[in-house]
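*Asks:* Return atomic coordinates for the entry below.
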Amino acid sequence: MGLDDIQATATPRKSNWDPNLKIKKIIAGGTNTIILTEDSELWVTGRGEEGTLGLGENVRGNVSKFTKLDFFERNNLKVKSVSAGYGHMAAFTEDDKLFVWGDNEHGQLGLGDKENRY
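*Replies:* Numbers count the residues shown, from 1 in each chain. Model prediction:
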């Protein structure tokens, strides 16, 4: 949840989000949160198992601070829409490409197999 800890909370708490980054959309998955900014940046926090956050194979635990998912920027791609499931995410870019990552135990990524994508 971007609260700098992993404690459950039953009441709203102010997150560590940088107010200089203008939010376009907030998406909550079952165990994670992803933010799409007006500049097409993606920021993620939450459970990182099975590649859920898209931060690479080395991130397999909880991430308690919003962390920039820089894959799209590194590849000169602008995200226009994003969605999150329980353990997987999908992003649609301005050039009409669909990218998926995370838990694929049931083939939910639509890639023709059941391998997780980090």
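*Asks:* C-alpha only now, for contacts and for neighbours.
*Replies:* Noted.
*Asks:* Report the buried residues of the lengthiest strand in the chain.
*Replies:* When the chain is parsed with DSSP state E, its longest strand is strand 62-69. Neighbour-count burial for strand 62-69, counted by 16 or more other CA atoms under 10 Å, picks out Asn62, Val63, Ser64, Lys65, Phe66, Thr67, Lys68, Leu69.
*Asks:* Stretch 87-105 too?
*Replies:* In stretch 87-105, counting by 16+ other CA under 10 Å, buried: Gly87, His88, Met89, Ala90, Ala91, Phe92, Thr93, Val100, Trp101, Gly102, Asp103, Asn104.
*Asks:* what residues are up against the second one?
*Replies:* With CA atoms under 8 Å, 6 or more residues apart in numbering as the criterion, the residues that contact His88 are Gly29, Gly51, Thr52, Leu53, Val100, Trp101, Gly102, Asp103, Asn104, Leu109.
*Asks:* What is the burial count for the third one?
*Replies:* By that I understand Thr52. Thr52 has 31 neighbouring residues, counting by other CA atoms under 10 Å.
*Asks:* And for the last one?
*Replies:* Summarising burial for Leu109: neighbours were counted as other CA under 10 Å, giving 21.
*Asks:* doesn't it fall inside a helix?
*Replies:* No: counting by DSSP: H, G, I helix; E, B strand; the rest coil, Leu109 falls outside a helix, being coil.
*Asks:* pLDDT score for it?
*Replies:* In this model, Leu109 is scored at 96, pLDDT.
*Asks:* who touches it in this structure?
*Replies:* Contact analysis of Leu109 by CA under 8 Å, 6+ apart lists His88, Val100, Trp101, Gly102, Asp103.
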